[in-house]
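Asker: quick one: sequence plus predicted model below, questions after.
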Amino acid sequence: MSRTDPQHTQLYLDGVCVSFDGFRALNNLSLIIMPGEMRAIIGPNGAGKTTMMDVITGKTRPDAGAVLFDGDTDLTRLDEAGIANLGIGRKFQKPTVFESHTVWDNIDLALAGRRGPFATLFHRDGADDQRILEILDVIRLSGRRHVQAGSLSHGQKQWLEIGMLLAQEPKLLLVDEPVAGMTDAETAETARLLRDIAQTRSVVVVEHDMTFVRDLDVKVTVLHEGSVLSDGSLDHVSADPRVIEVYLGR
Ligand SMILES: Nc1ncnc2c1ncn2[C@@H]1O[C@H](COP(=O)(O)OP(=O)(O)OP(=O)(O)O)[C@@H](O)[C@H]1O
C-alpha cells in the first residue's frame, strides 16, 4: 500500500526500481512533486538522476513501483510520445535549436509542432504571435527575436530551447543540468527564469551547481545509490552528515 495518497499530486513515484544487468540504478525511489512546485535534484555521479528522468519520460521502464502523473495516469503504461503528449517536457543538457532559423521562428516551429501539420497549413492567428511574444519575454530573448539562433551565446541557446518546450505547454518540465557551461550572469538569470516558469507549472531541475541551486530557493532532494538520501531546504540537506559524506564534502 502507498504511503501517501497520489491524488492532487503532479508526479508521484513510489518504490521505483530499475536494474541494469543486476545493478540497481533506482532502488525503491519515492518522490512526490505537487502542481506548481519546483524541485531541485542533486546527488553524486551515478546516483540515478538521469535514470529517474528516463523513467518519468518513458525511456526506461521500471522493474517495480508506481509512476503516476496528475494523480492517476500510470506513466509506466505509456510510450515516450504518449507521455510527452500528456504534458511532460524534457530539456536535455545539450541545447538543440534550429541554428539557421531566427529565435522567433524556433518558437514558432515549436508551436506548430504542438498544433500538428494540418493546423499549421490552415490555421494562423494573432494568438500564436501573442504566445510567442510571451515566451520570448519569459526566456529573456525579446530583444534578440530576429537574430539567427546560431549566433546566440550558449546560455541563450539553452533559454531558447526552454522556450521551445514552453510552446508545448507542459504541466511538468524536467531540466537536466541547465547551467553547465553558462557564465555566472547567465546562471543567475536562469534561476530567475525557472522561478518565473514554475509559477504556472511544475519543474524538476537536476543540477550540480550549488550556487545555482541556492538561487532557485526551492526544496532539494538528494539522491544516492538510486534512492532519496535526504530532502528539505538546501541549508537542511547541506548540514546532513550523510549528504556531506557522499556528496558535498568531497
Ligand atoms: N543503460 C544502462 N546500462 C547499464 N547501466 C546503466 C545504464 N544507465 C545507467 N546505468 C548505471 O546506473 C547508474 C545510475 O546512472 P545515472 O545516469 O542515472 O546517474 P546520474 O545520477 O544521472 O549521474 P550523473 O550525475 O553522472 O549524470 C550508474 O551507475 C550508471 O552507470
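Answerer: Yep, it's here. Numbering: from 1, shown residues only.
Asker: next secondary structure after the helix-or-strand element of the chain with minimal mean pLDDT?
Answerer: Considering only helices and strands, the least confidently modelled element of the chain by mean pLDDT, DSSP states H and E is helix 117-122, at a mean of 55. Moving toward the C-terminus from helix 117-122, the first helix or strand encountered (DSSP states H and E) is helix 126-138.
Asker: name the SS class of residue 191, please.
Answerer: Local secondary structure at residue 191 is given as helix here, using DSSP: H, G, I helix; E, B strand; the rest coil.
Asker: neighbours of residue 220, just the number please.
Answerer: The burial count assigned to residue 220 is 26, neighbours taken as other C-beta atoms under 10 Å. C-beta coordinates here come from the backbone N, C-alpha and C atoms, glycine included.
Asker: looking at it, it is touching residue 228, isn't it?
Answerer: No: under the contact definition of C-beta atoms under 8 Å, residue 220 does not touch residue 228, with a separation of 10.7 Å.
Asker: look up the closest residue to the residue most central in space within the chain, ignoring the ones flanking it.
Answerer: The geometric centre of the chain, computed from its C-alpha atoms, lies nearest to residue 174 (C-alpha atoms, centre = their mean), at 1.4 Å. With C-beta to C-beta, 6 or more residues apart in numbering as the measure, residue 90 is the residue that lies nearest to residue 174, at 4.5 Å, once sequence neighbours are left out.
Asker: from the ligand, how far off is the one you found?
Answerer: 13 Å (C-beta to the nearest ligand atom, to the nearest Å).
Asker: okay, and for this protein, where does confidence drop off?
Answerer: Along the chain, segments meeting pLDDT under 70 span 1-3, 114-125, 250.
Asker: residue numbers of it in contact with the ligand?
Answerer: By the criterion of C-beta under 6 Å from any ligand atom, the positions of the chain lying close to the ligand are 20, 23, 25, 43, 45-51.
Asker: thanks a lot, see you next time.
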